[in-house]
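# Sequence and predicted structure, then a few things I'm wondering about:
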There are 2 protein chains.
Amino acid sequence: MPFGLEGRVMPEFFKVVAPQQIFDALAGFARLAFEQIDLEHSLGRVLGLDVVSKEDLPARARSTMDGYAVRAADTFGASDAVPALLIAVGRIAMGTLPDISIAQGQAAEIPTGGFLPEGADAVVMVEYTNPLADGEIEVTRPVTKGENVLDRAGDVAFGETVLPAGKRLRPQDVGMLAGLGVTEITVFKKPRVAVISTGDEIVPVAQTPSPGQIRDINGYAIRALVETVGALAIPCDIVRDEPDLLRSALGNALETADVVVISGGSSVGERDHIVGVVSGFPQAEIYAHGVAISPGKPTLLARVHGKPVFGLPGHPVSAMIVAQVFLLPFLKYLEGEKLKKEPTGQRVRAVLATSVHSPHGREEYIRVRLEWEQDQLLAHPVFGKSGMMSTLVKADGFFVVPIHAEGVADGEIVDVYLF
Amino acid sequence: MPFGLEGRVMPEFFKVVAPQQIFDALAGFARLAFEQIDLEHSLGRVLGLDVVSKEDLPARARSTMDGYAVRAADTFGASDAVPALLIAVGRIAMGTLPDISIAQGQAAEIPTGGFLPEGADAVVMVEYTNPLADGEIEVTRPVTKGENVLDRAGDVAFGETVLPAGKRLRPQDVGMLAGLGVTEITVFKKPRVAVISTGDEIVPVAQTPSPGQIRDINGYAIRALVETVGALAIPCDIVRDEPDLLRSALGNALETADVVVISGGSSVGERDHIVGVVSGFPQAEIYAHGVAISPGKPTLLARVHGKPVFGLPGHPVSAMIVAQVFLLPFLKYLEGEKLKKEPTGQRVRAVLATSVHSPHGREEYIRVRLEWEQDQLLAHPVFGKSGMMSTLVKADGFFVVPIHAEGVADGEIVDVYLF
């Protein structure tokens, strides 16, 4: 072999795949197991089982307004000119069942949320009533049966599926569970993700790099990224470019983690020990070594000991893009959500402010800064050389130039995934 | 006073204000103090001070590609037909300064991220080189000076403000700080928010409500909401509708919390002890007792002991809307961000699928479910009676009908704030 090229030849297991194939491989992994947790710590957790209500909510008809509980029929035709006259028979207290009932021609004062007394079937808002001196009230607008009343089970009925398995709980979902008295829930475990940085040139962040060295950006950035989707990041020591060290680090990580992410060294070069080390494990399967995206081509996806192993590029920018595109949706899937085959992050539509060009044959991820201008959301591409962290820092998100497009012209609409 | 109305008369300090006045009052509170934290725990924290780089990044020119470090002039006019011939003089290793230099007519193999050797000013991608048997390489494309090279300080220059005070740190920001060796940062403290539920009818979630009682939805929902913006929620006991109990609970909460949120009892009715209790504290100031929004009108905003006190409606739906509209932007402001005078939550544009009507004179918050349909994001209003938690559970966000509009017609574009 010619001088200088010994390590640069494509290994036979090198295979560049389309992004879709990565997702297909990821969909083959099983989701994590369940655990029981307290409702107090359930925000952001993903339900393992449907939650089915064991109660009616409300348990009994309640008023949705401050006003008077009445029989709707008694207010028929009421107006300012010809008000209906009703006898006020008392006031509904909160916290107990009403001890009064409403007969024809009667009304009871009721606060918002108060339980409707026997006999009443509607509530007149206080704004449409006038108290008279003799214990009567005037009603100046008619109400229909059920008006300003939330019927028994009107919110949630016994036996109803309130929240489905696979739902990540938001504050209102937590509130709903509280309302139903669900104090313990079954959720998917959080993915534990070991994050390993490799490279002879990488030094811990607290260390001043000697000439030729750089600090461990990836360890921090990827752990932080993993935490944004609620997964647990496990820090690992930096590993030098020696197969034995990497093998040992990977073996250890596989014992405690659900997913292992190795960054650095997965490009096609002499330093690329990762694919060799990974494929040396028994029954290891390599799904992809190279994916047709930019940045991020030198990405490895494998299964070792039944667990997913991601090899991310050493370049922090590429590593973060790949993580956002493949790792984060996968972590959400492992934790019980549907596998969304697109980058994680809210998607917004914007108008591209400057044309971008992109080579055929790979998906290109263009970082953009978003700006509202004259009621239009503009996406300004953040240009910069490969490997500039500052492009990610300046950007609000990115959009994807499809694999067979040559670029996108300014003025066109793009779907931006927000960081 | 006529029977049944003693407590329902407007107290003299009752004042309904426009939403803008709430924001103006909130802007008068001082932000929280700083603290020092470790970079490892910095995700989602807000910088108290600008971060200014004390280094150049990279410290020295690096290659952005796998290839050969060359003098650009040596590749002038190179093509497949007439390649430039260069002598390969070695390989750049990672982790150390290059010990070779490039003279005219020479090239050195260089990996992505490798530091450029003396004499080289560009990198030819490996794809445009052919190794020859005699230690020479052919270059089939010309490069310009600086091509495939990230110059010294090309990413970040010494003295540059990398991240400004008031910035909430994302994963890439954490990565950038790691790259600059910033291991400790100055951030705003997290707001501590005491959440008090009041009401004779409210029972703890674990308890089975007697007839007339309901479970403490608000405590759970509001604490969860507060946590979504990174603030610390402090659970408090449920307080019955007795002024002395509330006074004592509020006094205790003000000692440990930065913000106190009381839900329930702030409507204009007999149960409304909150405004009385609040205004009984020395130097208490009531900014608003009632705000022109729906749902959420019976909202109280006050300053007690110099700290903000929010009185939210007892209705969980109203309480959550008010919290999302006023409390969450305010918590982000307290923690150092700009005060955005709009609801927290990503804003997306959608097409309203069904017309909605709304009374003049108040802002109306319409919950919607979002759905992509034929490449259009549709907002379907989630109708339901006031107080139905299920409307919030079924919704993805809400849009605002402006204070003087009568509604929004179907087909119109609305800005939806996502939950």
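Sure thing, it's come through. Numbering: from 1, shown residues only, chains lettered A, B, ... in the order given.
# how about the residue of the stretch 51-200 of chain A found nearest chain B, secondary structure?
Nearest residue of the stretch 51-200 of chain A to chain B, counting by Cβ to the nearest Cβ: A:Gly175, 2.9 Å away. Using the backbone N, CA and C atoms, a C-beta is placed for each residue, glycine as well. Three-state call for A:Gly175 (DSSP: H, G, I helix; E, B strand; the rest coil): helix.
# Isn't it up against B:Met389?
Yes. Between A:Gly175 and B:Met389 there is a contact at 6.1 Å, judged by Cβ atoms under 8 Å.
# between those two, who's got more neighbours?
Each of A:Gly175 and B:Met389 has its neighbours counted (other Cβ atoms under 10 Å in any protein chain shown); A:Gly175 has more, 29 against 26.
# and the residue of the stretch 51-200 of chain A closest to chain B, what does it touch?
When contacts are counted by Cβ atoms under 8 Å, 6 or more residues apart in numbering or on different chains, A:Gly175 touches B:Ile217, B:Asn218, B:Tyr220, B:Ala221, B:Ala224, B:Pro316, B:Met320, B:Met389, B:Leu392.
# what's in contact with the helix or strand of chain A with the lowest mean pLDDT?
Least confident helix or strand of chain A, by mean pLDDT, DSSP states H and E, is strand A:293-294 with a mean of 88. Strand A:293-294 is contacted by residues A:Pro19, A:Thr299, A:Ile321, A:Val322, A:Val325, A:Ser358, A:Pro359, A:Arg362, A:Glu363, A:Glu364, A:Tyr365 when judged by Cβ under 8 Å, 6+ apart.
# mind redoing it with 7 Å?
The contact list for strand A:293-294, computed with Cβ atoms under 7 Å, 6 or more residues apart in numbering or on different chains, reads A:Pro19, A:Val325, A:Arg362, A:Glu363, A:Glu364, A:Tyr365.
# now swap in stretch A:350-361 and tell me
The set of residues external to stretch A:350-361 that reach it, using Cβ under 7 Å, 6+ apart, is A:292, A:364, A:366, A:370, A:376-381, A:401, A:403-414, A:416.
# Need the contacts of A:Gly175 in TSV (columns: pLDDT and secondary structure).
Shown next, in TSV, are the contacts of A:Gly175 (pLDDT from 0 to 100; DSSP: H, G, I helix; E, B strand; the rest coil):
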residue	pLDDT	secondary structure
B:Ile217	95	helix
B:Asn218	95	helix
B:Tyr220	97	helix
B:Ala221	96	helix
B:Ala224	98	helix
B:Pro316	90	helix
B:Met320	94	helix
B:Met389	93	helix
B:Leu392	95	helix
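# and which of those residues is nearest A:Glu201?
Nearest to A:Glu201 out of these is B:Ala224 (Cβ to Cβ; 43.8 Å).
# Pull the contacting residues for the closest one.
B:Ala224 is in contact with A:Leu43, A:Pro171, A:Val174, counting by Cβ under 7 Å, 6+ apart.
# let's see it at 8 Å
A:Leu43, A:Arg170, A:Pro171, A:Val174, A:Gly175, B:Ala233.
# Correct me if wrong: A:Leu254 contacts A:Ala302.
No. With contact defined as Cβ under 8 Å, A:Leu254 and A:Ala302 do not form a contacting pair (11.2 Å).
# higher neighbour count, those two?
More neighbours surround A:Ala302 than the other of A:Leu254 and A:Ala302, with 24 against 18 (other Cβ under 10 Å).
# and that one, what element?
Element membership for A:Ala302, per DSSP states H and E: strand A:300-304.
# Tell me which helix or strand comes right after that strand.
Per DSSP H and E, the first helix or strand lying C-terminal to strand A:300-304 is strand A:307-312.
# Dump the C-alpha coordinates for that following strand into PDB.
C-alpha atoms of strand A:307-312 as PDB (Å, rounded to 0.1, in the frame of the first residue of the first chain):
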ATOM      1  CA  LYS A 307     -27.900  -2.400  23.100                       C
ATOM      2  CA  PRO A 308     -27.500   0.500  20.700                       C
ATOM      3  CA  VAL A 309     -24.100   2.100  20.200                       C
ATOM      4  CA  PHE A 310     -23.800   5.400  18.400                       C
ATOM      5  CA  GLY A 311     -20.500   6.500  17.000                       C
ATOM      6  CA  LEU A 312     -20.700  10.300  16.500                       C
END
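# now that strand against strand A:300-304, angle please.
Going by axes from the mean of the first three to the mean of the last three Cα atoms, to 10 degrees, strand A:307-312 is angled at 160 degrees with respect to strand A:300-304.
# Could you tell me the model confidence score at A:Asn130?
You'll see A:Asn130 listed with a pLDDT of 94.
# ok, it - contacts?
Contacts here follow Cβ under 8 Å, 6+ apart; on that basis A:Asn130 touches A:Pro83, A:Ile137, A:Glu138, A:Thr140.
# Grab the nearest non-local neighbour of A:Leu334.
Leaving aside its sequence neighbours, A:Leu334 sits nearest to A:Pro191 (Cβ to Cβ, 6 or more residues apart in numbering or on different chains; 4.7 Å).
# what's the overlap in contacts for A:Gly175 and B:Met389?
B:Ile217, B:Pro316.
# OK, contacts around A:Leu392?
A:Leu392 sits in contact with A:Pro316, A:Val317, A:Met320, A:Arg367, A:Phe419, B:Gln172, B:Gly175, B:Met176, where contact means Cβ under 8 Å, 6+ apart.
# what about the fifth one, neighbour count?
By other Cβ under 10 Å, 22 other residues sit near A:Phe419.
# A:Gly290 reaches A:Pro19, doesn't it?
No. A:Gly290 is not in contact with A:Pro19 according to Cβ under 8 Å; the separation is 11.6 Å.
# what comes up buried for the helix or strand containing A:Gly276?
Using DSSP H and E, A:Gly276 sits in helix A:274-279. Buried residues in helix A:274-279, counted by 16 or more other Cβ atoms under 10 Å in any protein chain shown: A:Ile274, A:Val275, A:Val277, A:Val278, A:Ser279.
# can you list the domain ranges for chain A.
Taking automatic domain parsing as the criterion, chain A consists of the domains A:19-33+A:190-334, A:35-57+A:155-188, A:62-150, A:347-418.
# any idea of the mean pLDDT in the shortest one?
Domain A:35-57+A:155-188 carries an average pLDDT of 97.
# Give me the distance between the two termini of it.
End-to-end distance for domain A:35-57+A:155-188, by Cα to Cα, to the nearest Å: 6 Å.
# Now do the strands in the stretch 301-419 of chain A.
Using DSSP state E, counting those that start in this stretch, the strands found in the stretch 301-419 of chain A span residues A:307-312, A:347-352, A:356-357, A:363-373, A:376-381, A:397-401, A:407-408, A:413-418.
# Parallel or antiparallel, list what pairs with the third one.
What that stands for is strand A:356-357. In the sheet, strand A:356-357 lines up against strand A:407-408 (antiparallel) (DSSP bridges).
# pLDDT (mean, whole number) over the strand it pairs with?
Mean pLDDT, strand A:407-408: 94.
# Show me what the top helix by length along chain A is packed up against.
Scanning chain A for the helix with the most residues, using DSSP state H, yields helix A:243-256. Packed against helix A:243-256 by the contact rule (3 or more Cβ pairs under 8 Å, 6 or more residues apart in numbering or on different chains; DSSP states H and E) you find strand A:192-197, strand A:259-263, helix A:274-279, strand A:307-312.
# Now that helix - C-alpha only, CSV.
The C-alpha coordinates for helix A:243-256 follow below in CSV (Å, rounded to 0.1, in the frame of the first residue of the first chain):
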residue,chain,number,x,y,z
PRO,A,243,-8.4,-0.1,20.8
ASP,A,244,-7.8,-1.9,24.1
LEU,A,245,-8.8,1.2,26.1
LEU,A,246,-11.9,1.8,24.0
ARG,A,247,-12.9,-1.9,24.2
SER,A,248,-12.7,-1.7,28.0
ALA,A,249,-14.6,1.6,28.2
LEU,A,250,-17.3,0.4,25.9
GLY,A,251,-17.7,-2.9,27.8
ASN,A,252,-18.0,-1.0,31.1
ALA,A,253,-20.5,1.4,29.6
LEU,A,254,-22.7,-1.4,28.2
GLU,A,255,-23.0,-2.8,31.7
THR,A,256,-24.7,0.2,33.2
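# All good on my end, thank you.
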